[in-house]
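**Student:** A predicted structure for the sequence below; I have some questions about it.
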Amino acid sequence: MALESLEEIAAYIVEDGRGILAADESNPTCGKRFDSIGVESTEDNRRDYREMLFRSEGMKGNIGGVILFDETLRQKAEDGTPLVNIITAQGALPGIKVDKGLKPLDDSPGETVTQGLDGLNERCSEYEKIGAKFAKWRAVINIGEGIPTEDCINQNMEALAKYAKIVQENKMVPIVEPEVLMDGNHSIERCLEVTSKTLSALFNYLDEHGVNIKGTLLKPSMVISGKDANEQASVEEVAEKTLKCLLANVPSDLPGITFLSGGQSDIDATAHLDAMNKIGGFDWKLSFSYGRALQQPALKTWLGKKENAEAAQAALSHRALMNKKAAQGEWDQSLEK
């Protein structure tokens with residue numbers, strides 16, 4: 001794949017309904033997922049699990065990019081093939097999570113700011129040489145009593161813009177991920193208000209820092225009811241309010257929006273994406289960048305056993321295809337039988 005420019009890389013990832021497999025869980029997070037199936041989180045087990053995912057038949061044509069953790073970007077498969085080569089052989093591009101996680105925001109309980117700008121230029125230079133074509137940085141916005149504060153939104157969105165600029169200077173496409181958490185009992189209207197403020201600030205900072213929007217991808221959360229809210233919005237309302245928010249705040253020359261699933265069930269994440277694409281009326285590609293919503297059925301099938309690998313791959317392949325159909329507005333519940 002001779003993709004030279006940032007614009008070509010960004011467009012390729014989301015072309016023809018393709019989306020992103022988020023497999024960049026840190027070792028502690030991966031440990032929690034493995035605990036749920038009674039498998040020890042060793043370097044070899046993590047490698048075997050991810051190799052199994054990357055070799056799945058359904059990667060081809062459905063997945064345009066895979067986000068990796070530092071360890072995975074450097075790992076070789078059991079037969080000695082670098083995992084990045086397995087990914088590119090499937091027609092997907094390898095990417096890398098570059099942020100260093102969250103730290104509490106000074107004087108604001110319940111809020112965080114993402115760290116990782118120190119040494120980022122050097123890390124990106126190395127990752128690009130290893131073969132990464134894009135990078136990802138996650139900011140987290142929490143909805144609660146008196147939060148998010150303006151300071152929290154501004155600090156996080158400016159850090160995203162600084163990260164994006166550094167990544168582009170290292171010939172990689174930045175994925176900017178401003179996640180408004182589902183945690184809480186807030187209404188969908190409150191989520192719409194906070195998500196709008198967050199995205200508006202983000203694109204102002206991206207512009208201010210001279211980031212090339214055509215060589216950038218956005219990974220937002222959907223506008224959705226808090227998971228503890230008494231009233232849960234319908235699929236149609238989530239689709240309508242999310243599109244309303246994006247159309248008001250996201251420039252039309254951004255090539256693609258790849259949603260995070262953020263704790264939604266695998267079917268809900270697919271249904272919401274499909275409903276938005278059925279409504280239409282936007283210039284960007286609207287696709288997916290799912291972790292749990294793509295991996296969960298495969299993880300539950302695999303259980304750390306080689307003899308389950310084929311069935312686990314079939315589970316991942318099915319979800320990848322379902323989400324590709326949703327990214328094209330062609331999904332239907334009957335396809336899940």
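**Tutor:** That came through fine.

**Student:** quick one, strands of this protein?
**Tutor:** Ranges of strands in the chain, per DSSP state E, are 19-23, 63-68, 93-97, 102-104, 112-114, 134-141, 173-180, 217-218, 256-259, 285-290.

**Student:** same for the shortest one, what does it pack against?
**Tutor:** Contact analysis of strand 217-218 by 3 or more CB pairs under 8 Å, 6 or more residues apart in numbering; DSSP states H and E lists strand 173-180, strand 256-259 as its packing neighbours. Where C-beta positions appear, they are placed from N, C-alpha and C, glycine not excepted.

**Student:** rewinding a little: tabulate the strands of the chain (a markdown table), appending mean pLDDT.
**Tutor:** Output for these, formatted as a markdown table (pLDDT from 0 to 100):
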| stretch | mean pLDDT |
| --- | --- |
| strand 19-23 | 98 |
| strand 63-68 | 98 |
| strand 93-97 | 98 |
| strand 102-104 | 97 |
| strand 112-114 | 98 |
| strand 134-141 | 98 |
| strand 173-180 | 98 |
| strand 217-218 | 98 |
| strand 256-259 | 98 |
| strand 285-290 | 98 |
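
**Student:** output the helices and strands packed on strand 217-218 as a markdown table; include the columns distance to residue 73.
**Tutor:** Output for the helices and strands packed on strand 217-218, formatted as a markdown table (distance: least, CB to CB, whole Å):
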| stretch | distance to residue 73 |
| --- | --- |
| strand 173-180 | 15 |
| strand 256-259 | 19 |
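
**Student:** export the ones you listed as TSV, with columns for mean neighbour count and distance to residue 280.
**Tutor:** Output for the helices and strands packed on strand 217-218, formatted as TSV (neighbours: other CB atoms under 10 Å; distance: least, CB to CB, whole Å):
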stretch	mean neighbour count	distance to residue 280
strand 173-180	27	23
strand 256-259	26	14
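
**Student:** among the ones you listed, which is nearest residue 110?
**Tutor:** strand 173-180 (13.7 Å; CB to CB).

**Student:** okay, angle between the closest one and strand 285-290 too, please.
**Tutor:** 70 degrees (axes from the mean of the first three to the mean of the last three CA atoms, to 10 degrees).

**Student:** for strand 173-180, which strands pair with it and how are they oriented?
**Tutor:** Sheet neighbours of strand 173-180, with direction, are listed as strand 134-141 (parallel), strand 217-218 (parallel) (DSSP bridges).

**Student:** pick the most buried one from these.
**Tutor:** Among those, strand 217-218 has the highest mean neighbour count (mean count of other CB atoms under 10 Å), at a mean of 27.

**Student:** list of residues touching it?
**Tutor:** By CB atoms under 8 Å, 6 or more residues apart in numbering, the surrounding residues in contact with strand 217-218 are 10, 13-14, 134, 173-176, 250, 254-258.

**Student:** ok now that strand, how far from the chain's centre?
**Tutor:** Its chain's C-alpha centre and that of strand 217-218 lie 9 Å apart, by CA atoms, centre = their mean, to the nearest Å.

**Student:** ok, the residue most central in space within the chain to residue 178 distance?
**Tutor:** The chain has residue 289 as the residue nearest its centroid, 3.7 Å off, counting by CA atoms, centre = their mean. Per CB to CB, to the nearest Å, residue 289 is found 13 Å from residue 178.

**Student:** how about residue 39?
**Tutor:** From residue 39 across to residue 178, the span is 32 Å (CB to CB).

**Student:** please apply the same query to residue 88.
**Tutor:** Counting by CB to CB, the gap from residue 88 to residue 178 is 29 Å.

**Student:** same thing with residue 3?
**Tutor:** 26 Å.
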